[in-house]
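Novice: Pasted the sequence and its predicted model underneath.
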Amino acid sequence: MQTKTAAKRKQSASAAVVPARRPAIPAPPAIYALRIWSVKKVNGEWFISQAARFDDKDRWKGPYETVQRATTAIARKLAEEIIERHTARCRNYGVDD
């Protein structure tokens, strides 16, 4: 009588995984339409919020002491958005730039 381990068939080695095919068309230019931001000043302090909101809830961030700090915060958020979109573009089109 054979043991359980001897009764099992050996599995054949799996085939090598082939990478996904890249699109045959070249990647489009890297142009990104970015989100719109609003800025408001209340009692000498600055607040920022995305202008396009679909749930009609104000999501103001802040306060910031100066308009320069408020706009710098917007710049950081826009940079994050650009990097995220560009990384996805590079991954989708197999571009390495």
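Specialist: Done, it's in.

Novice: For the residue lying closest to residue 51 once chain neighbours are set aside, grab the count of nearby residues.
Specialist: The spatial neighbour of residue 51 that comes closest, neighbours along the chain excluded (CB to CB, 6 or more residues apart in numbering), is residue 36 at 4.0 Å. In short, each C-beta sits where N, CA and C put it, glycine included. Burial of residue 36 is recorded as 9 neighbouring residues (other CB atoms under 10 Å).

Novice: The most centrally placed residue in the chain and residue 34, how far apart?
Specialist: Closest residue to the average C-alpha location of the chain: residue 84 at 3.4 Å, with CA atoms, centre = their mean. Counting by CB to CB, to the nearest Å, the separation of residue 84 from residue 34 is 11 Å.

Novice: Have a look at this structure and report its longest helix.
Specialist: Ranked by number of residues, the top helix in the chain under DSSP state H is helix 67-93.

Novice: can you tell me the average pLDDT over it?
Specialist: Helix 67-93 carries an average pLDDT of 96.

Novice: got the buried residues for that helix?
Specialist: If you call a residue buried by 16 or more other CB atoms under 10 Å, then helix 67-93 has these buried ones: 70, 73-74, 77, 89, 93.
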